[in-house]
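Asks: return a 3D structure for these sequence lines:
(2 chains)
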Amino acid sequence: MRRQLAGWVGAVCLAWVSLAADVPPVVLQAQAHRQALIARVSPTVVAIFAASGEGGGSGVLISDDGYALTNFHVVYSPSSPFLYCGLPDGHVYEAVVVGTDPVGDVALIRLVPRHPGQKFPYAPMGDSDTVQIGDWCLAMGNPFLLASDFAPTVTYGIVSGTHRYQYPAGTLLEYPDCMQIDASINPGNSGGPLFNLRGEIIGINGRGSFDKRGRVNSGVGYAISINQIRNFLGHLRAGWLCDHATLGAVVDTDDSGRLLVSRVLETSDAFRRGLDLDSELLAFAGRPVQSVNQFKNALGIYPRGWRVPISFRRRNPDTGELERKDVLVRLMGAHATGQLTDILQRKQPRQPGQPPAPMPQVPATALPAFSDTLKRMYEARDGFANYYFNRLEREQLLTRFRRHSDARSLSGPWQLSGTFASGTRIQATLEVDTESAALTLADRRYRIEPLREGEASENLREPKGSGGILLLAYHWRRLLVLGEKGFEAAFHHGGWEPFYPKGIATRHMTEVLLSEHAGVSCKWYFDTTDGKLVGAECFPERDEDPCEVVFEDYRQVYGQQLPHRMIVRFGDKEYGVFTWNQWQITAKP
Amino acid sequence: MSFAPRFGPSLCTAWITKPRVAWTAALCLTALSAATFSVRAADRSFADVVRNVQPKMVKIFGAGGYRGLTAYCTGVLVSPEGHILTVYSPTLDSRELRVHLYDGTRYEAEVVATEPQLDVALIKIRTPAELKLNDLPYFDITAPIPDVQPGDWVLAFSNLFEIATGDEPVSVQHGVIAAIAPLAARRGVHEAPYKGTVFVLDAITNNPGSHGGIVTTRRGEWIGLIGKEVRNTLSETWINYAMPIKDLRRFVEEARRGVYKRMPAPEDTTKIVQPLAEHGIVFVPDVLDLTPPYVEGVLRGSPAEQAGLKPDDLIVFVRLPASPGSSDYEERVVPSIKSFRQLTASLEPGTRIQIIVRRQQQLLTFDLTLAPRPKGNPAPAKKDSSL
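Replies: Numbers count the residues shown, from 1 in each chain, chains lettered A, B, ... in the order given. Alright, predicted model coming up:
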């Protein structure tokens, strides 16, 4: 009997071998490529377990120092920012939540190395805008928490749709501009990576359409596009509880298919730039928009505070003519200050149609206590997921900034002399010290004392049309000379933002510092490579246009790099250009 | 398909030695042919094929949105003048039938012909006389149909879950033909009218709104029309299938020319399949059009008895899942015995429902968990059984 069985199996195997030999080489090549790819990216896939022992999901490492992406709904816990993570090397790692994006359902976590100097394997991020319907994709993660050795499950499928819009639950967990896939997505896959066949992360798998099958795969899964996540990465790394953006205007499609503004907030930058009721929105952030979904897709991928170009057609209020406007607008927050925190404290957000992930196999009591090293990596603060990481990013930015130019020793009064050009060229002198700022233009002198009680707010906007260049100069000197000590109310790393030194076409990414002193907020833009301060905005009043400055022509003065040209803008207009021939800094009094 | 050589032998042994169900053999065939099929570039994206097919797909919006019936489905253009083949469903039963083309153009449409026996319908875009369409992209149903077999890759195009509207492209899924077999299935309580041979797929095409979508080969050649959401009567599993277009060809051609004559209806087209679950309520004799749903008695040991329903209770409302298996509940007025039977006929064993009855001057609520129907002859001894 046994021999008979063995013979049977042997025959089948032989038959199989001959069949396998018929497989065209191209199929075997594709298979080998796929296997090699999976072997290469598998080590980067993280199995995530909540500290409470309730629930888990997946993630993916994106840097060798342990930063990993996952879903917000996987890691969010009102009680603890700490997590356990399993890597395919078979080890459990401690991790802490770094930054969260509850609207976009994204979180950044950081794994702690098991020994000093340990480098983590990580996967590169791809470009999700080049993904096409019909492309193959690999979803990896820990569905149903199957992997006891943390080796990820791989499901293989195609991209079923791109630029899909999936509605939020309340105001959280919105999936704009996402990818739809037919690779199986099940509970526990949440937060895991979606790879293209080059092994690049193109998305984070987060939800599916479920119906009569309960909440198991129905052939319709959704992944948050990596390009959206990249927009938020600076904020996430800086420990923010991120908010998404709103234009400050509501658009609807009319009968002829045009997108018309049906409501607009008067406090919005868009309104100040001329977007009004019945304006027709044509493009948003470089994308043509012809439907409400297209608009939501284009808008939903941006963080609050970013500046993006929009195009619209409107009737000129003076001439009555139709005109097209292409302008930069600052996006408002989708939530009011503190509102996100309130929502999260009120209730634990739930994935629409998806109950929380199942219980992990590991009982909570069997897990070791978190180390002190890990606990030191957390600092609670309103508006942040983890302020420890804001401090970290800020110090790193300041270090780069001061390596480029350290003006802390230049603490005496500053006097900059040169010219001011706005049509005509006139003599200009700027004097700034710790209490005041003064500007002399030809024979006209302006002076402010920002700290003096009773200093009129319209005075802080002087000279007229500049939006408050004196006030900006005053804060600028504080930043350079006093640094953190100059800003008692706020001094945060503000993530990464686009900066447009000379209009829409000159967009490039910068790192941002946000400061507040004496009731005035400023935003400082730094070159991401050398830490040079390239621009600033100063907001004498909230919800009004700031004074904008571009710093250029850095040259060596007093042993430091200091700018010799300042382009000043306010609202829709350029105020003028200062060219400084001479910097004079008195020794410390 | 990397799984085949790695796990094939042992699995196949098991399948070959137990060829009890036709499908099992067919699944085995899938594995075998998966290992033998040939492609020029196995990992190449389907993007080009998808781009070619999608302009011929339309999104259809009509009646529905209640009782598990979607108000949307999918269709495929079969003429340059705007004839669209889709599945014959209540969605089409609307005076405001609308279609969205691939480029976002929206049109009204009207039903040209239907064939309940095939479960298909031909509709046509309605345009003003001066605006005659004649250049829409379309599939030619008279074109040669490739010969396909189990194991062949396929692509499925449909607007499942109404994910796409306007100019958003319909969803694309991939899979293989798992079997080519007769459709033995039911939809709700009615037997599915389509009885022919279908392509059984391993792509999950059985979803709301996917009916009227199409299945193509991996080269984009049209081979099938995705049918309604039905379940296999043998296994009670949702079945992913498509009707071969060779069986729909005559309908499309003749309906387009306006000469299609419906197939003769078989004797009992709307035969009620036995209700799936047992509640155990025995009603008074149903003698009127609207016999009030008075409880005559309850079967011993039945959910109704356990819940505490009693003779002379008058059922007023019932709360039940909005669609079979759904966790959304809706409350329905129960005007008659017939209505109660219709409402509960398609519910599964294990479904929880609430029955609100009037007992003397009170309204009382009872929770019932429906039980599986007894095997064998289900008819209880009493004259009016609890079907």
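
Asks: who's in contact with A:Glu200?
Replies: If a contact means CB atoms under 8 Å, 6 or more residues apart in numbering or on different chains, then A:Glu200 has A:Ala123, A:Pro124, A:Met125, A:Gly126, A:Asp127 as its contacts. In short, each C-beta sits where N, CA and C put it, glycine included.

Asks: could you check how far A:Asp443 is from A:Gln427?
Replies: Relative to A:Gln427, A:Asp443 is positioned 9 Å away (criterion: CB to CB, to the nearest Å).

Asks: narrow the contacts of A:Glu200 to those that are buried.
Replies: Neighbour-count burial (16 or more other CB atoms under 10 Å in any protein chain shown) applied to the contacts of A:Glu200 gives A:Ala123, A:Met125, A:Gly126.

Asks: so the first one makes contact with A:Arg198?
Replies: Looking back up the chat, that one is A:Ala123. No. Applying CB atoms under 8 Å as the test, A:Ala123 and A:Arg198 come out as separate, 10.4 Å apart.

Asks: before we move on, the earlier item: between A:Asp443 and A:Gln427, which has more neighbouring residues?
Replies: The residue with more neighbours, out of A:Asp443 and A:Gln427 and counting by other CB atoms under 10 Å in any protein chain shown, is A:Gln427; that gives 12 against 7.

Asks: and the closest residue in space to that one that isn't next to it in sequence, backbone torsions?
Replies: Distance criterion CB to CB, 6 or more residues apart in numbering or on different chains; nearest residue to A:Gln427, sequence neighbours excluded, is A:Ala442 at 5.8 Å. Its backbone dihedrals place A:Ala442 at phi 50, psi -110, with angles given as degrees, to the nearest 10.

Asks: on that earlier part again, how about the buried ones among the contacts of A:Glu200 in a markdown table, adding secondary structure and distance to A:Asp177?
Replies: Putting the buried ones among the contacts of A:Glu200 into a markdown table (DSSP: H, G, I helix; E, B strand; the rest coil; distance: CB to CB, whole Å) gives the following:
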| residue | secondary structure | distance to A:Asp177 |
| --- | --- | --- |
| A:Ala123 | coil | 21 |
| A:Met125 | strand | 16 |
| A:Gly126 | coil | 15 |
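
Asks: which of these sits closest to chain B?
Replies: The nearest member of those to chain B, counting by CB to the nearest CB, is A:Gly126 at 13.9 Å.

Asks: the closest one reaches A:Asn196, doesn't it?
Replies: Yes. A:Gly126 sits in contact with A:Asn196 when judged by CB under 8 Å, with a separation of 5.6 Å.

Asks: next, show the common contact partners of those two.
Replies: Overlap between the neighbourhoods of A:Gly126 and A:Asn196 consists of A:Ile202, taking contacts as CB under 8 Å, 6+ apart.

Asks: can you tell me the centre-most residue of the chain?
Replies: I went with chain A, as the question did not name one. Nearest to the geometric centre of chain A sits A:Phe232, at 1.3 Å (CA atoms, centre = their mean).

Asks: ah, I was thinking of chain B
Replies: In chain B, the residue lying closest to the centroid (CA atoms, centre = their mean) is B:Glu229, at 1.9 Å.

Asks: could you say which helix or strand contains it?
Replies: Remark: B:Glu229 resides in no helix or strand, with elements defined by DSSP states H and E.

Asks: do A:Gln29 as well
Replies: Secondary structure (DSSP H and E) places A:Gln29 in helix A:25-41.
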